[in-house]
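Q: need the 3D shape of this:
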Amino acid sequence: MKLKTKSILNVVDTHGKAVLKMDRASGFIQLTITKRGNDYLIGEHPGGKIYKTDQKLLALQLDDFAMFINSWA
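A: This next block holds a predicted model:
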């Protein structure tokens, strides 16, 4: 797991939510991650797609997108 991924997961676990600002090359402007019980909800913009995932799959996805993530809060 990349350091950036660990940092994002720590923010989500602490605050319950993180908004990732993405580089346009990723195809997304932002991803919103919200913790719901043991699972995570991910919202994509543009597109308005929302889906549920677990921490393992979320970490893999964040590792794949790591080079496109400009900031998170």
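
Q: count of residues packed around residue 22?
A: Residue 22 sits with 19 neighbouring residues when counted by other C-beta atoms under 10 Å. From N, CA and C alone the C-beta is placed, and that goes for glycine too.

Q: residue 34 pairs with what?
A: Listed beta-bridge partners, residue 34: residue 17, residue 41 (assigned using DSSP bridges).

Q: ok, it - contacts?
A: Residue 34 makes contacts with 12, 16-17, 40-41, 43, as judged by C-beta atoms under 8 Å, 6 or more residues apart in numbering.

Q: give me the distance between the closest residue to residue 30 other than its chain neighbours and residue 27.
A: Once flanking residues are discounted, residue 30 sits nearest to residue 45: 5.0 Å by C-beta to C-beta, 6 or more residues apart in numbering. Applying C-beta to C-beta, to the nearest Å, the value for residue 45 to residue 27 is 11 Å.

Q: swap in residue 5?
A: From residue 5 to residue 27 the distance is 19 Å (C-beta to C-beta).

Q: could you do residue 68 as well?
A: Relative to residue 27, residue 68 is positioned 9 Å away (C-beta to C-beta).

Q: of the two, give the one with the bigger neighbour count.
A: For residue 68 versus residue 27, neighbours defined as other C-beta under 10 Å are more numerous around residue 68 (16 against 12).

Q: you'd agree the more buried one is up against residue 30?
A: No - if you go by C-beta atoms under 8 Å, residue 68 and residue 30 don't touch, sitting 11.1 Å apart.

Q: shared neighbours, the two?
A: Common contact partners of residue 68 and residue 30 (C-beta under 8 Å, 6+ apart): residue 22.

Q: residues contacting residue 18?
A: Neighbour list for residue 18: 8, 11-12, 32-33, 72-73 [criterion: C-beta under 8 Å, 6+ apart].

Q: kindly recompute the last result at 10 Å.
A: By C-beta atoms under 10 Å, 6 or more residues apart in numbering, residue 18 lies in contact with 7-12, 31-35, 40, 62, 72-73.

Q: do the same with residue 67
A: Counting by C-beta under 10 Å, 6+ apart, residue 67 makes contact with 2, 4, 23, 25-26.
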